[in-house]
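Visitor: have a look; sequence and predicted model below, questions after that.
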Amino acid sequence: MSTTQLKQIQEAAAFIQSKGGVQPEVGLILGSGLGILADLIQDGISIAYEDIPHFPVSTVEGHAGELLLGTIEGRSVVLMKGRFHMYEGYGPEVTAFPVRVMKELGVKSLLVTNAAGGINTAFEQGDLMVLTDHLNLTGRNPLIGANDPALGVRFPDMSEAYSRRLRQLLKDTAASKNIPIREGVYAGLLGPTYETPAEIRMLRTLGADAVGMSTVSETIVARHAGLEVLGISCISNMAAGILDQPLSHEEVMETTERVREKFLGLVLAVIPHM
């Protein structure tokens with residue numbers, strides 16, 4: 001990573017800090033239809049992505065495109081309502097740029113959420129899945145290029161991409177609230193097309209339980225930066241070929257709306273302990 005990129009990270013963070021508010025400890029990136037958590041921020045300060053120096057802009061329906069600072073359940077947070085995807089034309093290092101900025105702001109742990117297609121045939125639409133690991137099948141990596149040791153090591157370890165401590169915390173919290181929780185491997189693909197039935201059969205053979213078009217680059221950069229990561233997928237639809245029906249973004253949004261109370265209950269109980 002070049003000196004120019006480090007300077008951009010610092011400039012973006014300085015602009016956000018200039019708006020006042022809390023110094024965040026926990027970062028949150030909310031996927032399609034899951035931005036409802038933003039409504040629960042206390043003393044929130046909202047900053048449009050387009051106002052933040054060097055920030056990309058979200059172009060996807062269901063992704064609002066604003067950064068919020070405030071508190072949730074007593075913890076100071078920075079929350080991305082809407083994220084960036086490589087299928088929008090951004091490079092992987094750009095989609096994960098906000099994670100760098102969160103680290104610069106003081107964040108220690110990151111919660112990433114997404115809407116994903118269910119590959120594991122034991123899963124059902126509306127299930128919540130904690131990510132145990134991921135498959136980076138985008139063909140891209142946000143760390144390609146020069147490495148700045150100030151940001152992380154050249155060859156970061158990914159043997160625990162998703163924090164074992166935070167995964168256990170989530171499972172214990174779900175059990176205490178009688179919320180069923182799945183566990184599994186998330187396959188990150190480039191998109192924007194949904195996968196073909198043949199691709200889903202391939203992904204199942206490779207060990208994937210769910211598939212989506214985000215999260216992987218953000219997690220790689222977060223681990224490079226030394227952040228603990230917790231990932232939650234909302235299984236918004238069963239992937240191609242499992243049910244004999246076409247896939248649509250409308251179905252994704254409908255499912256995330258249906259599970260909002262379950263999702264909110266779980267996340268609100270976990271945030272104080274992250």
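Guide: On my side now, so go ahead.

Visitor: low pLDDT regions in the stretch 51-200 of the chain?
Guide: Across the stretch 51-200 of the chain, residues meeting the criterion (pLDDT under 70) sit at 59-64.

Visitor: in it, which spans are strands?
Guide: Assigned by DSSP state E, counting those that start in this stretch, the stretch 51-200 of the chain shows strands spanning 66-72, 75-81, 109-118, 128-136, 182-188.

Visitor: out of the ones you listed, nearest to Y194?
Guide: Evaluated over those, closeness to Y194 peaks at strand 109-118, with 7.1 Å, by CB to CB. Quick note: C-beta positions are derived from backbone N, CA and C, even for glycine.

Visitor: would you mind giving the strands of the stretch 51-200 of the chain as a markdown table with mean neighbour count and distance to L28 added?
Guide: Below are the strands of the stretch 51-200 of the chain laid out as a markdown table (neighbours: other CB atoms under 10 Å; distance: least, CB to CB, whole Å):
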| stretch | mean neighbour count | distance to L28 |
| --- | --- | --- |
| strand 66-72 | 22 | 8 |
| strand 75-81 | 23 | 4 |
| strand 109-118 | 26 | 5 |
| strand 128-136 | 21 | 15 |
| strand 182-188 | 23 | 17 |
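
Visitor: among those strands, which comes closest to Q8?
Guide: For those, proximity to Q8 was assessed by CB to CB; strand 66-72 is nearest, at 15.4 Å.

Visitor: contact partners of that closest one?
Guide: Contact partners of strand 66-72, identified using CB atoms under 8 Å, 6 or more residues apart in numbering, comprise 16, 19, 21-22, 24, 26, 37-38, 40-49, 52, 55, 76-82, 98, 268, 271.

Visitor: contacts only, for the residue nearest the centre of the chain.
Guide: With distances taken as CA atoms, centre = their mean, the residue of the chain nearest its centroid is V112 (2.8 Å). Listed by CB under 8 Å, 6+ apart, the contact partners of V112 are I29, G31, S214, T215, E218, T219, A222, V229, L230, G231, I232.

Visitor: could you measure from it over to E251?
Guide: From V112 across to E251, the span is 22 Å (CB to CB, to the nearest Å).

Visitor: and for L203?
Guide: L203 is 19 Å from E251, by CB to CB.

Visitor: ok, back up a step: in CSV: the strands of the stretch 51-200 of the chain, plus distance to E199.
Guide: Shown next, in CSV, are the strands of the stretch 51-200 of the chain (distance: least, CB to CB, whole Å):
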stretch, distance to E199
strand 66-72, 33
strand 75-81, 28
strand 109-118, 11
strand 128-136, 12
strand 182-188, 10
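
Visitor: follow-up on the earlier one: could you tell me which of the contacts of V112 belong to helices?
Guide: Taking DSSP state H, the ones among the contacts of V112 that sit in helices are E218, T219, A222.

Visitor: quick check: angle from the longest helix belonging to the chain to strand 75-81?
Guide: The single longest helix within the chain, with elements called by DSSP H, is helix 3-18. Counting by axes from the mean of the first three to the mean of the last three CA atoms, to 10 degrees, helix 3-18 points 120 degrees away from the direction of strand 75-81.

Visitor: tell me the helices and strands packed up against helix 3-18.
Guide: Secondary-structure packing of helix 3-18 (3 or more CB pairs under 8 Å, 6 or more residues apart in numbering; DSSP states H and E): helix 97-105.

Visitor: what's the helix it packs on packed up against?
Guide: Helix 97-105 packs on helix 3-18, strand 26-30, strand 75-81, helix 216-224, going by 3+ CB pairs under 8 Å, 6+ apart.
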